[in-house]
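Visitor: Structure for this input, please:
(one chain, ligands or ions: 1)
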Amino acid sequence: MAAGTDHGVRPFIVPLNDASGAMCRGVSCTLFPARPGAKAIDHSSTSFCHVPLPAEALLGHLHGSAKDERKDFLRAIHRVTVGTLCLSTSNATVLRVAGCIAGRYSAERRVGAPESVPILSFSTQYGPIARILAHAVVFDNYAIESMQLFMAKPDMQNVIGGVFKATVLSYTQKALSDLVDRCGWQGLYAHNQISELWLAEKGNSIAEGDYVVLCIRLASEVLLGRYGLPKPRDPQCLLARHESGVWDEARQICTSLPGGHRGKEFNARILPLSLPLVQATGQRMAYEAAKDAMVHGTDRGLGMTPQVLALYESTCMMEDQSWYVENGIMSRQALLNCNVDAMNSLLPLLEGMVNDPAVDAFINAPMVDQDRLAAFFSSLPSFQGPETEYIRAKL
Ligand SMILES: Cc1cc2nc3c(=O)[nH]c(=O)nc-3n(C[C@H](O)[C@H](O)[C@H](O)COP(=O)(O)OP(=O)(O)OC[C@H]3O[C@@H](n4cnc5c(N)ncnc54)[C@H](O)[C@@H]3O)c2cc1C
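Guide: Numbers count the residues shown, from 1 in each chain. Below is the predicted model of the structure:
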């Protein structure tokens, strides 16, 4: 409020403390305990109570009254949308690093007797690793394209950032949880990086807007016709058909519901669909970005190949098998065969992807290498009882 006029919610620059570290008048800050996975930053909660500020502290001006308060507020906090996209792009690298760590561990770890085999030879081990590395390549290309779209289309920024975040982070969270399991007890330890990366990205999935809540807002606004989604380049590609199918289904449910978008039925029937709807769009957009980079040779050395693209596409389809079956596109068996074929085509490339030297600098997990692991164990505190004499068994 200024001179009796409501100017909406407005941002101010507020000093928090002086050069000596003493807090300013009306400002208090509570330091939070350490958060697992947050190596680079700590957290606190800052609150403000009757803080006196000079007029220059107001960001923006007070001329006239705002035409559209909501739009003005969104403009004032537009860096949040930049953060939504920016923070999320790290997930492609995290997937690649975690996939390489799990792959290198799985190549070293052997089981079985008398002829032991590396655990990487089991499809339950190479499968998740290959899928994750294929997603990492596709998401890297999707990140580059989203960044370009974000700058070219200011009116679509929350759609582009929100779809990217929901698609990439929801996949990464499940994938890293899976990789932790595939590395046995060693996967649980922060020094082997995967669990720590998983928790760090879990923080990012909440920061700048939790992705489920982002999806609820995005899907609701799309269904209400307030936003349009980026159109597919090839509406006949399988992921585009799936996307269009699931959105049509949701639109039909929506029109049949009493009580509007704030009603009980919308809450019960549409909200749970929000994440899969947004993911369907993101999976299609990621596929298009990766395919374009492959066709035009603009993948910037990220390793985009037809095998990677086919495995990515088939893995996305496996996530919603019932839709493909229900719409007569493929049977369950055909979907499975397609996924196995895509995996078998990628396997000859897997060793190169796992041992990609570009990733070496990001890996310090002891479990990927026997010498490194031995050096790590010898650095740990150990407690020994007195040595026993050599005792020979007597019969
Ligand atoms: C790493 C990190 C950095 C952060 N940095 C900052 C910062 O610099 N400044 C700052 O101010 N904040 C910061 N935050 C806070 C962040 O913005 C909030 O945590 C985030 O917006 C979610 O709010 P919340 O934690 O209060 O969760 P809640 O609002 O309690 O949400 C919890 C859950 O409730 C459900 N939910 C909530 N609202 C709805 C809804 N409308 N519809 C349906 N379901 C709903 C969802 O399942 C959601 O996941 C940071 C958080 C993290 C993790």
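Visitor: got the residue ranges for the helices in the stretch 101-250 of the chain?
Guide: Secondary structure of the stretch 101-250 of the chain (DSSP state H, counting those that start in this stretch): helices located at 123-152, 157-182, 184-187, 194-206, 211-223, 238-255.
Visitor: Buried ones in stretch 269-287, by neighbour count?
Guide: By neighbour count on 16 or more other CB atoms under 10 Å, the buried set for stretch 269-287 is 270, 273-287. Yep, even glycine has a C-beta here, placed from its N, CA and C like the rest.
Visitor: same question for it, mean pLDDT?
Guide: For stretch 269-287, mean pLDDT rounds to 98.
Visitor: centre of the chain versus that stretch, how much separation?
Guide: Its chain's average C-alpha position is 14 Å from that of stretch 269-287, according to CA atoms, centre = their mean, to the nearest Å.
Visitor: is it up against the ligand anywhere?
Guide: No: taking CB under 6 Å from any ligand atom as the criterion, stretch 269-287 and the ligand are apart, separated by no less than 6.6 Å.
Visitor: Need the CA coordinates for that stretch. PDB is fine.
Guide: Extracted as PDB, the C-alpha positions of stretch 269-287 are listed here (Å, rounded to 0.1, in the frame of the first residue of the first chain):
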ATOM      1  CA  ARG A 269      -9.100 -37.200 -11.200                       C
ATOM      2  CA  ILE A 270      -6.800 -34.600 -12.800                       C
ATOM      3  CA  LEU A 271      -4.200 -33.800 -10.200                       C
ATOM      4  CA  PRO A 272      -2.700 -37.300 -10.200                       C
ATOM      5  CA  LEU A 273      -2.400 -37.100 -14.000                       C
ATOM      6  CA  SER A 274      -0.500 -33.800 -14.000                       C
ATOM      7  CA  LEU A 275       3.000 -35.300 -13.700                       C
ATOM      8  CA  PRO A 276       2.500 -38.100 -16.400                       C
ATOM      9  CA  LEU A 277       0.900 -35.600 -18.700                       C
ATOM     10  CA  VAL A 278       3.800 -33.100 -18.500                       C
ATOM     11  CA  GLN A 279       6.300 -36.000 -18.700                       C
ATOM     12  CA  ALA A 280       4.700 -37.200 -22.000                       C
ATOM     13  CA  THR A 281       5.300 -33.700 -23.500                       C
ATOM     14  CA  GLY A 282       8.900 -33.600 -22.100                       C
ATOM     15  CA  GLN A 283       9.700 -37.100 -23.400                       C
ATOM     16  CA  ARG A 284       8.600 -36.100 -26.900                       C
ATOM     17  CA  MET A 285      10.500 -32.800 -26.800                       C
ATOM     18  CA  ALA A 286      13.600 -34.500 -25.600                       C
ATOM     19  CA  TYR A 287      13.300 -37.100 -28.400                       C
END
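Visitor: With the flanking residues excluded, which residue is spatially nearest to residue 12?
Guide: Excluding its sequence neighbours, the residue lying closest to residue 12 (CB to CB, 6 or more residues apart in numbering) is residue 57, at 4.6 Å.
Visitor: In this structure the one you found contacts residue 13, no?
Guide: Yes: Residue 57 is within contact range of residue 13, at 5.1 Å (criterion: CB atoms under 8 Å).
Visitor: More neighbours: which of these two?
Guide: residue 57 (13 against 10; other CB atoms under 10 Å).
Visitor: Look up phi and psi at the more buried one.
Guide: With angles defined as degrees, to the nearest 10, residue 57 sits at phi -70, psi -20.
Visitor: for it, what are its contacts?
Guide: By CB atoms under 8 Å, 6 or more residues apart in numbering, the contact list for residue 57 reads 12-14.
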